[in-house]
Each structure stands twice: as C-alpha cells, then as structure tokens.
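Colleague: Next input, structure requested:
(6 chains)
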There are 6 protein chains.
Amino acid sequence: MAKPFNRLLLTGAAGNLGKVLRPRIAAWAEIVRVSDVAAMAPAQAGEEVVRCDLSDKAAVNQLMRGVDAVLHFGGISTENTFEAVLRANIQGTYNIYEAAHLHGVRRVVFASSNHAVGFYEQNQFIDAHAPTRPDGMYGLSKVFGEQLGRYYYDRAGIETVCLRIGSSYPEPANRRMMGSWLSYDDLQEALRCSLFTPRVGFTVLFGTSDNPVRWWDNRHASHLGFRPKDSSARFAHLFPDSGAYPSPNDPLMRYVGGTFVNDGPRYGEQ
Amino acid sequence: MAKPFNRLLLTGAAGNLGKVLRPRIAAWAEIVRVSDVAAMAPAQAGEEVVRCDLSDKAAVNQLMRGVDAVLHFGGISTENTFEAVLRANIQGTYNIYEAAHLHGVRRVVFASSNHAVGFYEQNQFIDAHAPTRPDGMYGLSKVFGEQLGRYYYDRAGIETVCLRIGSSYPEPANRRMMGSWLSYDDLQEALRCSLFTPRVGFTVLFGTSDNPVRWWDNRHASHLGFRPKDSSARFAHLFPDSGAYPSPNDPLMRYVGGTFVNDGPRYGEQ
Amino acid sequence: MAKPFNRLLLTGAAGNLGKVLRPRIAAWAEIVRVSDVAAMAPAQAGEEVVRCDLSDKAAVNQLMRGVDAVLHFGGISTENTFEAVLRANIQGTYNIYEAAHLHGVRRVVFASSNHAVGFYEQNQFIDAHAPTRPDGMYGLSKVFGEQLGRYYYDRAGIETVCLRIGSSYPEPANRRMMGSWLSYDDLQEALRCSLFTPRVGFTVLFGTSDNPVRWWDNRHASHLGFRPKDSSARFAHLFPDSGAYPSPNDPLMRYVGGTFVNDGPRYGEQ
Amino acid sequence: MAKPFNRLLLTGAAGNLGKVLRPRIAAWAEIVRVSDVAAMAPAQAGEEVVRCDLSDKAAVNQLMRGVDAVLHFGGISTENTFEAVLRANIQGTYNIYEAAHLHGVRRVVFASSNHAVGFYEQNQFIDAHAPTRPDGMYGLSKVFGEQLGRYYYDRAGIETVCLRIGSSYPEPANRRMMGSWLSYDDLQEALRCSLFTPRVGFTVLFGTSDNPVRWWDNRHASHLGFRPKDSSARFAHLFPDSGAYPSPNDPLMRYVGGTFVNDGPRYGEQ
Amino acid sequence: MAKPFNRLLLTGAAGNLGKVLRPRIAAWAEIVRVSDVAAMAPAQAGEEVVRCDLSDKAAVNQLMRGVDAVLHFGGISTENTFEAVLRANIQGTYNIYEAAHLHGVRRVVFASSNHAVGFYEQNQFIDAHAPTRPDGMYGLSKVFGEQLGRYYYDRAGIETVCLRIGSSYPEPANRRMMGSWLSYDDLQEALRCSLFTPRVGFTVLFGTSDNPVRWWDNRHASHLGFRPKDSSARFAHLFPDSGAYPSPNDPLMRYVGGTFVNDGPRYGEQ
Amino acid sequence: MAKPFNRLLLTGAAGNLGKVLRPRIAAWAEIVRVSDVAAMAPAQAGEEVVRCDLSDKAAVNQLMRGVDAVLHFGGISTENTFEAVLRANIQGTYNIYEAAHLHGVRRVVFASSNHAVGFYEQNQFIDAHAPTRPDGMYGLSKVFGEQLGRYYYDRAGIETVCLRIGSSYPEPANRRMMGSWLSYDDLQEALRCSLFTPRVGFTVLFGTSDNPVRWWDNRHASHLGFRPKDSSARFAHLFPDSGAYPSPNDPLMRYVGGTFVNDGPRYGEQ
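Modeller: Numbers count the residues shown, from 1 in each chain, chains lettered A, B, ... in the order given. Predicted coordinates:
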C-alpha cells in the first residue's frame, strides 16, 4: 500500500527529537526529507538529507519543493539570546510558512513548547485558549511561531497543529517532568494524529503523556483523537514522596516552565 | 424480581434502531409496547405491538395509556421535506409530550440527533449548553423536540433526556463516523442510564462511544453515569492514515453533521 | 437622496406593533410592502398593502417578489394552541425564509420574543448564548423561528437578527414590565440597527429600553450599535416601592416570561 | 530510607475516618501524633497520642509543637446545632491554623465535606470555583474552614488542600452514595497526593472514587495527580435499576448533600 | 399613602453608617426599629430604639418581633481579633437569621464588605461568582454571614441581598477609595433596590458609586436595578496623577482590601 | 506643582500620532524626550529631541537614560514586509524593553493595535483574554510586542499597558471606523490612565471612543478607569444607512482589521 505522503519534510533532524523521529516517521511518506543546519546522519532508504539554514529564505524555499507536509522541529530548542532566537526561530519559522505557502503545502506541524506558557504556576490548569505567558526568549519565539500558524491559516488556509511539547526524554529528569513528560511513543502518536486528522484548522495541542499530574487541558484538541499511552507514573519511584517542601521562590517546582523562567537574557550585557 | 417498569413505550419500533432495541430493552419492563406507523415484526412475549401515526393526536393519547416511561424513537430519521418533518416530528413529538402529560408519564427519553448541532465544524468542541446549529429540516425538528422536553419539564415536571445520537451502526461507514459512532451496546447503556438515573431533570446527552476523536463534551450529563465501553478505534484500519486532505469545502470532513448540511430543502420547488 | 431600500416587507402589519411601525419605517424604503392575514389600513404613499396568510407557501412566495429585506412581525403574537402556532408561526416562518431564499433576499429581522427564554427567573442574568427556555407554545414557536434563521444563515447566507422583544407598549402595564419594557422609539432604533449594520450574520438581540432592572445581556449584539434612549425609570411612580413581597409561586414576578408560564396548553383537552 | 515527615499531626483520630487512617498513614512520618477530644486507642509504634479539645486555643498550640504537616479531621462530622459546630469546627479550625502559623507548619490538609456544596442538585456538575452552597450548620462550618485555609495561604503562605469528602464508607449505603462514594484506599491516596505534591497553594479537591455518576469536576485540582482506583460500579447490584422515581421533593435523590438539607437547625427552639 | 413596610429593623444603628442611615430610611416604614449594642441617639418620630447585644440569641429573638425586613449593619465593622468577630459577627449574624426565620421575616439586607474579597488584586475584575478571598478576621466573618444568607434562602426561603460595601464615607480618604468609594446617596439607593425589588433570591451586590476605576462587576445583580448616581471622579483633584509608583509590596495600592490585608491577627499572642 | 514625571520618553514622535501627542503630553513630565528614526520638529520648552533607530540596541540604551516611563509609539505603523517589521518592530521593541530593564524603568505604555486581533469578524465580541488573531506582518509584530510586555512583567516587574489602538484619526474615514474610531482626546485620556494608575501589572486595553458599535470588551482593563468621552455617533451622517449590503467576502466590513487582512506578504516574492 502506498504511504500516506509522497514527501514529508522534517526540520531540526539533527536535534535530540529529530534524531528520535527519523526512524519513527519513515512509514508516513515515500520520501522523508530531513534537514538541519548541523550535520546529520546519512540518508537511509526513503530519506533525503538536506542541510539548510532556516534563516536563509531562499534556501528554505528550495527545501520546500515537492513537499506535502512539514514537521517543523528546526531552530534553537532551548533558552538563548534574543538575537539567536530572532534569527533561527522567528525568521526561520517565517521562512518555513512563506515557503509552504509558495509551494502549496497544506499542513504544518509546529514543534512549539510548554515554554510558550511557562510562567503559569504548577497549580493552575489551563487550556489552549489561555493567554500565552512565555518564560524567556525561547518561549517568546514559540509564541511567535504559533501566531504565524494562526495567520497563515486565516489568510492562506495552511492548516497547523502547534504541539506544545512538555519534556520529551526517555524518562523524567526531575520531579517537574512528572507533569510535563512526553514519551517518545506518545510524541510519535501526537504527530501522527496531527498529520492525519482530515481537518485541523489551527489547533494547539499540549504534548504530554497520560501523567497523573496535569497542568494542561487538551479539550480544544479533542478532534485530533490523541490518546497518550504512556504515563510518568511508572517513574514515581525516582522521586519519592517528600515532606521537604520547596521554597515558594524555587522556580523548578513553581512554574510549569521550571528553571527556564530564570534563564532569560543576561540583562544589560551589550 | 420484578422488572423496573410495568409498561415502557418504544416509538419508531420499525426503524433501524427500533429493531435493534426491541430485544435489548425487554428486561426493563413487564410489557414493552412497541409502535410505529409502519408494519412491525409480531409481538414477542412481553410485548404489545401498536400501529400508530404519531401525527394523530387522539391515537397517540390512546397509545400512551398505562405507560410508565417513553423511549421516543419515532418520526422521520433522516433529511426530508419541511412538510414531512413538520407532520411526523414536530406535530408527532408534541403529541407524545401532551399525551405523556395527560397520562402522568414521568419520563421521556427523546432520540435527538447530532444534526441538532450539525453545523459546528469538526475542529470545535462543544458541550450541551452550546447554542444549537441544525443542519437541515431534520435537525430543526430535533431542536424543536428538545425544546418541547425543556418546556414540559419546566412547566409540568416531565423529565427528559435528549440523546443526541451520533451514528449508530454496526460499524463506522466513513471516516466522519470514527468520531460520531455509537455502538449498539453503548446505545443500550445510554438508554439504561437515561431511564434509571433517579433524577435527570432536563438533560442533553451526546450519544457516542468512547471514540478517540471527540467533538462533544458530556460534562453536563455527568450525573447519568454513562460510560461507553466501545470505541471506534478498533475500526481504524478501515480508514487508514492519508495525506490526501479533503477540500475545505467538503462537508463530510468539515461539519459534524457531515453531508447532511448539503441535504436541505430543494430551494424553490413549489 | 434615495432611500436605503427599494422595497421592504413588513409582515404582521395589522398587529399592534405592525401598526406602530408602518409610519416609522416609511423612510427606509421607496416602497414598504405591508402584509397581514387580517385587514389593514389602506396604503399610504410609498406603501403596498398585500393581504396574505403566511401559512400559504405559494402566497408567501408571491409576497416576497422584489423584496430587499424583511421585517417579519407576522403570525400569532401571544399564547395560543399548539395547532394555531404550528400553522401561523412555524409553517409561516418557514415559508418566509424559504421564499426569501428563493428570491435572493439577504436579510430578515425576525420579531422573536422574550418568551423564548421566559422560564428563566427574574434574578438570573443571561446573554444570547444561554440555552432557550420557552414558556409556552408561543415561545416554542419563537425558538423555532430563531433556529430557522440560524439554519438559513449557515446554509444559505441569509443574515438574520432575532429581536427578542420584551414588552413594547406605550408604558409598562405592570411591575414586571419595568424590566422588559421597550419603548416604540427604541423598537424603531433596534430595527434600524438590525437592518443597516453592514454585516450581522446571525445575531440575537434582546429588545428592551435602557431600564434600570436588567435581565438580559446584549454583549453578543454589541456590533449592532443599538443604544436605547428610553428608560422605564420615568414610570417608577406607577409601581411604588412595596414591602408586600409576591409569593414565590407567583409567576408574574418570578419568571421573566411573567404569567405566560401559566398560559400553556390546556392539558388533555382533545 | 527516612520517612517523608518527621512528625505528622492527625486530628479527629477517634472518629470513623480517623480510625481508618491511623494505620494507613504510619509510613508517612517517623512520628504520627494522633489527637481527639475523645478517647483513642493506645499509641502504636511511631505514634504519639494526645487528647485535646480543639476549641482550647492554648491546648492546640501545645499540640502543634514539632509538627511538620497536619491532617485536620477533627471536630464535629455531621449535622449538629450551630453552637456545637461553632465551638468544635469554627473555633477549632481557627485554632489549628493559628497554631500552625505560630509553629511554622507549612501545609494543612483539611477534611472538608461535600456538604459545603450540598444544596446543588444532583443533575448539576460543578467545579471547585462554583460558589459554595452549604446544606446545614455542619456545611457552613466546612465553608468557614476552607476560607480560613484561603486566608492563611494568602496572608501567611500556609498551603492547604481542602478535601471535600463525599461518602467514605466501606460501601455505599444508599443510591446517592453511588455518586459520592470514596473508598478508603482512594481516601488514603487523596491524602497522599495532598501532602506530597510539592506545591499546592490553596486547592479544593472533591473526594470521590472513580464512580460512574459524577457531580464534581476536579479540573482545578489536576496538579495533585489524584487518580482514584476504586469505583462504586461494583456495588451497582445493591441498587438495582428502578422505575419508581423519587418524588421531586425527596432530598435524598435531589441534592448532592442528600438528607442533610433537611437536618438543619430545629427552628425556633430556644 | 402608607409606607412600604410596617416595621423595618436596622441593626448597627450606632455605627458610622447606621447613623447616616437612620434619617434616610425613615420613609420606608411606619416604624423603624433601630438597634445597637452601644448607646444610640433618642428615638425620633416613627422610630423604636432597642439596645441589644447581637450575640445574645434570646435578645435578638425579642428584637425581631413584628419586623417585616432587616437591614443588618450590626457587629464589628473593622479588623479585630478572631474572638471578637466570632461573637459579634458570626454568632450575631446567625442569631439574626435564626430569629428572622422564627418570626417569618422574608428579607434581610446584609451589610457585607469588600473585605470578603479583599485579597484580589486591584488589576483583577471579578463578579459575584468569584470565589471569596477574605483579607482578615473581619472579612472571614463577612463571608460567613453571606453563607448564612445563602443557606437560609435555600433552606427556608428568606431572601437576602449581601451588599459588599466598598468605602462609604463623605469622600475618598486615599487613592484606593477612588475605586471603592460608595456615596451615602448611592448606599441609600442600593438599600432601596435591595429592599424593594420584588424577588431577589440570594443576591450579592458590590456597593460602589459609578467610579471610573472599577474592580467589581455587578452583572449578577442586574435585576436589582441599582444605578449609582455619584462618582469618585469629582474627587480626582485630591489624588493628582503621580509617577511615584507604589512598591509592589504596598498593600494599599495592590489589593482591593488595601491595608486590611496587613491587619490580621497578631500571630501567636495568647 | 511638580509634574508627575521627571522624564517621559515618547518614541515614534515623527509619526502621525506622535505629532498629535507631543503637545498633549507636555504636562506629564518636566522633560519629554521625543524620539524617531525620522526628522522631528524642533524641541519645544520641556522637550528633548533625540533621533534614534530603535533597531540599534546601543542607541536605544542611550535613549533610555534617565527615563521614568515610556510611551512606545515607534516602529512601523502599517502593513509592510516581514523583514521591515522584524527590524523596526520586533527587534525595536525588544530593545526598548531590554533598555528599560537595564535602566530601571518601571512602566511602558505600548502602542499596540487592533490588528493584533484583526482576523476576528465584526459580529464577534471579544475581550483581552481572547486568543490573538493577527491580520498581517504588522499585526504579528504587535502580538510579539505585547508578549514582550507580558514577559518583562512576569520576569522583571516592568508594568505594561498594551493599548490596542483602533483607528485614531480626526474622524472616521470609512464605515468600519465607526466601530474602531478613537478620538485624539480619548487617546490622550487612555494614555493618562495607563501611565498614572498606580498598579497596572500587564494590562491590555482596547483603544476606542465610546462608539455605538462595539467589537471589544474592556472588562479586563476596568481598573484603569478609562472612560472615553467621544463617540463616532456624531459622524453617523457620513455613512448613511444603506441597504446595499457588502459582499460576504469584502474584508472591509467583515473583519475588525478591515482591509489589512488583504495586505499581507506578497507571497513568493524573493
């Protein structure tokens, strides 16, 4: 049977999640074009490897040729200077959408982040309509990318799912991640739902596994049919119950963005 | 042990769901009175078969004698002319409630339909308080029937559950039904909860199985205790993932009412 | 200067409000076609007088020829038997919309009623998204008319403003009307806003003057620019402060629909 | 491994739930100090037994010495006279919070009750932000205790979880409890989550098992990670389906507080 | 013409607002019974002066004889010790309601306070359904009084308006009061609306004049018809625009309760 | 009397609104520092004129020295290429906030725009919590600027009012502006409220006069005390009532952003 897409583009293929995803998405397209500004592993069967700086508009236009849908994981994936995220994430994501429009691409799945709402506290429960509260330059760039998706859907009909990824690692690295953890299998499933739901319009999906602790309500993404299978519950032994309550000023256990809220610009460096 | 009711009335017994339900509801009443305007299978033990045109007020009053509760599945069950639904569904359902009031019947379960809200899009998530958006003459008649239930509860204390049935078939017939499917077992359970919850007031219940794709939030029916057991997930192979996105103008995958939105009156025929 | 419309249709022209409106709307169209099932005053300059039973589909189609917009005040305007409202209001309003569609009419202002929500209590504050709670057969027919407007907008693009008229009289006739009163000037202004706002989609507007007591929140009709000028405050002397509290069971001061909630069908008459 | 707390205080240890909890919470602290105004079973290993009248401010201050966290189950646990609840619950809970503040205790889990919202009807679905509607003197005292928690968090940073316990018994004693039942295991788990979630601020948690019938939405406590394991479904045979509908005036099946709504003060006795 | 009530009870008549109100409410009842624990000015024509300690249940029952409606302004009106507010406000208000029930009084207007929600910040906008956040012992007692009103309405049908008085003085004493100010005329009008609206059920009304700065949304009291006539705008010259921003930790300009949030119990005094 | 600020910075002083504002804000500071990338009129008494390219970080830092508060009107004020708004508005506004932080400035009033929500339709009514829907590159840059304000408040305590300016001209230039018009006097008053309300946190204020047609609900800015004095009603004669309804596809009367929704990037130009 033919694969669902002829050509699927994955940006950020040299990043942590990009490397995880390459083998997992192979079944979704005859050709997966993988791209990064950094060096990548060689092309496997059914892959095209294209090195590309996303801040280079012409290069991105070239990258988009023949593409049916995009998994946009490229750009800087952690807190950095404003200038760095401006170039890689803000200009870069604009280039992706503009090229997608030029080439008639109909859907983009955008790797957004919980850091778009990182300044909410861990005892708040929000849904996708809650105003964004970015926790740094990285989070700001993710909010901007989401808004590009909103605009290109309203203006040009390109459908977008913004996947606000929690913490996608083999296992939670600290207690905060007991709430934000997203297993690789569930990440893959979230992408599958985002790509193959017939109509998504502009949808924001919080990306976590079925963890006991929940900060994010996916009601506005119910049409995607995403049902996570994993749970951080099986890692509970890593973070045993403790009566040593954190300080109210400790961001790790106060904000959903964790320590990112302290990682912002080094003010006044010039 | 005695059965819960002495006499339960099922209208629409010759319809698709009526036929499915006859054997499934036998345990709920000493006598199940089944009725339709069309011919029905002969009475089984514990059944009374009464042919009745619901638009005939006197006949409906006769039909209601000795009845404890009503499962109102009668009337036209798909898009039709205004005049047809006016007679069978609007006049017919009025006759049912008026007769129920006359005979002191305390509860009606009304087979409403997702077509009462069929013009919502498939990427919206609504609950029972969302304004109705019927997708045709049939949907309009279902909204009217629901409002009769609202009125007869406020005015006369007759309790009603409006079951907005999604797509109740042996299996989903198209991809839209992956979201709207209601298995026969879950239909039966929804009716059981609707009949036997001690107090329901006026409740609107969306009738779907526990499908991955969800468009309807049953929070306002939480007191019914309806927990669907089936899921359309086991039919996923019937509608494999595809990158051939539907046209934005294709109603089948745009509106929750699917193609019904195109089935309205043939304008201007006189 | 030319008048805004060439031909405006007013149904229900022999009714109380119809008679009030005839001279007030003359400036809005070169020709105002006035219609009723009952006899009307003779045509004035710029008027056409057409007698028409709204339940007669062919006659309504004839009535709609050459019409630019409709003020639909026709039908039964108080509690009556189901059969009477079925014919005059349900069939009648369907005929209006279907004819409007046939003739390319782009806007209908529908004289709905507070009785569409008459079973809310007078200490509740609702907006146009609140589920309807009709207080009788009349109210049910108004809900149905509103839903026809919803459908014909979603399906066919005919824009509708549903004006839920409170109590439009020269002055409040009882204390309840201190909340529901709509002066004739404000009625006229509400219609003007409803007809001439460039885009209204499907809008529900509660029709009251700027009375101190308020039960209805017009936030969802803010785009109409309706600012009532009158207030029931100037009639306060008619209903002096009193410590003789009404019985909790007295509908006049309990429900926004007032005594209508008691005027429903005479149950069991056949 | 060290236990999470050095010293945990349990008040109300001679009550029904207090007795259930003593062995179940032993693992959470090196020392569990159990207290009641009534006689208690002798201290087990790891326990301190302190008899204390909670309405005695000095005694409560003494009781709080060396305590890390509090499970406040003390006071009157059913409907009683105003004067009795004033002393035991209102003065008593104030004494607990004031002593907690004096001794630097950082968290209190307060055994609140569904009777804080007992006047909601069983076909309503509310969350923790819904205005309270106490169903008697007992319920009023629980609302007051919750508000003390709110205040001491806002003013002094003491974190509180108010656990609005449904009906915690070995099994449901009547059909209402099919909705309100909380198994002992789930009670224990709710307390564990309330004590060991790193930050809870001020949280209200409805305490029920995963029963089919639901009246309470725990969305605002999602950060606690409480996932009940039991369900009243396994007791369904105790309350078979019945068509004998309760009277609309029967509080047992009308209000979530059940018969408590009738147990208020004996008016006029002096 | 007869006055609206035969006998109206005003408690707290020796307090600041009580003294303001005595002459202003004389027109509402043939007899105004004024009461306080402190000495009051002698009775004027149409007045009865009764000295009464509200914490004395029997005395309050005596006080309520022959009363038609109550303006309950009695008790402690500023921050104080828990024990003081327990006696005067908690026990006192219970006594009022219990006596009202005993004597068939049908309505109470309860002088509640903005301090029931004093811990909201001045850049939040809340309505009467927002969870209470008392800012001290006084605020806690006001929340309790409101809940008594809720209970006695649900249980016994006594109607209550809780008037959450902002700052009722001749003029604003500080900039915070530019938002919370309630003129005496508007106070009087709020009481008039609260007493004479035919049905109020249980209503919470925020008591401020029509000040430019608004923190409280009275939408849920719209049925009262309260339209304040005064505005703090005319005192703007008292608090000229200043760029000397307050410290974020200065409660006067941070919390709607102002400095009350710092006036709580002197912790640990015993 | 001393003026409220010592030094107030106005960026964009050569723009249309900048020129309007210079004389109007003179009273608010001993020194108004006006700045633009373009040439400005010479300094008046109490003014400093500083030419500055906002995309030059070092220059902006220099510009901010000694400043108490900022009115940030600088940058591109209409639709333009992505690259142009990236430099002037995205980089420029970042520079403003970063410099404000470096220099301890405590408040910024940011000239945002209705184009941040321009893709809402004119029959929707939204408040400041509604998700943004920018209508072009300009609108995207305004969303980004608002999010910078959100971040710098959460992270660094700099207070911001985002004033989403509608259409600030001497009079409405088309019918859409009957809804979006903001008179210069009301603009000035909105800025005054934004600068001098003691605490604003992060507030979004829609900037329109008190026009009859309203699309935006300022409830979340109620604490600012902004009460517009003007109304577009006095320009009603400019846009007489018309029955010539616009096409549903005409953006001018469909979207609140008007024709901006068509002014986006020229797709594919490279």
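Colleague: what residues are up against the most centrally placed residue in chain A?
Modeller: For chain A, the residue sitting closest to the mean C-alpha position, by C-alpha atoms, centre = their mean, is A:Ala111 at 2.0 Å. Contact analysis of A:Ala111 by C-beta atoms under 8 Å, 6 or more residues apart in numbering or on different chains lists A:12, A:17, A:71-73, A:163, A:165. Bear in mind the C-beta positions are built from the backbone N, C-alpha and C, glycine included.
Colleague: What is the neighbour count of the nearest residue to A:Ala99 once chain neighbours are set aside?
Modeller: Nearest residue to A:Ala99 in three dimensions, chain neighbours excluded: A:Met64, at 3.9 Å (C-beta to C-beta, 6 or more residues apart in numbering or on different chains). Counted with other C-beta atoms under 10 Å in any protein chain shown, the neighbours of A:Met64 add up to 24.
Colleague: Please apply the same query to A:Tyr169.
Modeller: Every residue meeting other C-beta under 10 Å relative to A:Tyr169 is counted, giving 16.
Colleague: thought A:Ala100 was touching A:Val108?
Modeller: Yes - A:Ala100 sits in contact with A:Val108 when judged by C-beta atoms under 8 Å, with a separation of 5.9 Å.
Colleague: Look at the residue of the stretch 51-200 of chain A found nearest chain C and report its pLDDT.
Modeller: Of all residues in the stretch 51-200 of chain A, A:His129 sits closest to chain C, at 15.8 Å by C-beta to the nearest C-beta. Here the pLDDT value assigned to A:His129 is 98.
Colleague: Tell me how far it lies from F:Thr132.
Modeller: 11 Å (C-beta to C-beta, to the nearest Å).
Colleague: A:Val256 too?
Modeller: Distance from A:Val256 to F:Thr132, by C-beta to C-beta: 20 Å.
Colleague: Between these two, point out the one with more neighbours.
Modeller: F:Thr132 (29 against 26).
Colleague: Check which helix or strand that one maps to.
Modeller: F:Thr132 belongs to no helix or strand when assigned by DSSP states H and E.
Colleague: Now do the same contact list for it.
Modeller: Counted by C-beta under 8 Å, 6+ apart, F:Thr132 has contacts A:147, A:150, F:116-117, F:143, F:146.
Colleague: now these as JSON lines including secondary structure and distance to chain D?
Modeller: Shown next, in JSON lines, are the contacts of F:Thr132 (DSSP: H, G, I helix; E, B strand; the rest coil; distance: C-beta to the nearest C-beta, whole Å):
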{"residue": "A:Gln147", "secondary structure": "helix", "distance to chain D": "27"}
{"residue": "A:Arg150", "secondary structure": "helix", "distance to chain D": "25"}
{"residue": "F:Ala116", "secondary structure": "helix", "distance to chain D": "29"}
{"residue": "F:Val117", "secondary structure": "helix", "distance to chain D": "27"}
{"residue": "F:Val143", "secondary structure": "helix", "distance to chain D": "28"}
{"residue": "F:Glu146", "secondary structure": "helix", "distance to chain D": "27"}
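Colleague: want to throw those residues into TSV with distance to A:Ala59?
Modeller: What follows is these, written out as TSV (distance: C-beta to C-beta, whole Å):
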residue	distance to A:Ala59
A:Gln147	23
A:Arg150	25
F:Ala116	30
F:Val117	33
F:Val143	27
F:Glu146	31
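Colleague: okay, among those residues, which ones form the most distant pair?
Modeller: A:Arg150 and F:Glu146 (14.1 Å; C-beta to C-beta).
Colleague: if I pick the residue nearest to A:Gly12 when sequence neighbours are not counted, what's in contact with it?
Modeller: Computed as C-beta to C-beta, 6+ apart, the closest residue to A:Gly12 that is not its neighbour in sequence is A:Phe73, at 3.3 Å. Contact analysis of A:Phe73 by C-beta under 8 Å, 6+ apart lists A:10-13, A:15, A:17-18, A:21, A:111.
Colleague: Tell me the pLDDT of A:Phe73.
Modeller: So, for A:Phe73, pLDDT stands at 98.
Colleague: do A:Asn262 as well
Modeller: 82.
Colleague: Could you find the closest non-adjacent residue to it?
Modeller: A:Pro251 (5.5 Å).
Colleague: Report how many residues lie close to the one you found.
Modeller: 21.
Colleague: Which residue ranges of chain A form strands?
Modeller: Assigned by DSSP state E, the strands in chain A fall at A:5-11, A:29-36, A:47-51, A:69-72, A:107-113, A:126-127, A:159-165, A:202-207, A:216-217.
Colleague: Let's have the ones you listed in TSV, adding distance to F:Phe239.
Modeller: Below are those laid out as TSV (distance: least, C-beta to C-beta, whole Å):
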stretch	distance to F:Phe239
strand A:5-11	48
strand A:29-36	52
strand A:47-51	54
strand A:69-72	44
strand A:107-113	40
strand A:126-127	40
strand A:159-165	37
strand A:202-207	33
strand A:216-217	43
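Colleague: Helices along the stretch 101-250 of chain A, start to end?
Modeller: A:137-156, A:177-180, A:184-196 (DSSP state H, counting those that start in this stretch).
Colleague: Tell me the buried residues in the second one?
Modeller: Judged by neighbour count (16 or more other C-beta atoms under 10 Å in any protein chain shown), helix A:177-180 contains these buried residues: A:177-180.
Colleague: quick one: which two of those are the most distant?
Modeller: Across the buried residues of helix A:177-180, the two members that end up farthest from each other (C-beta to C-beta) are A:Met178 and A:Ser180, 7.9 Å apart.
Colleague: Find residues that contact each of those two.
Modeller: With C-beta under 8 Å, 6+ apart, A:Met178 and A:Ser180 have common neighbours A:172, A:211.
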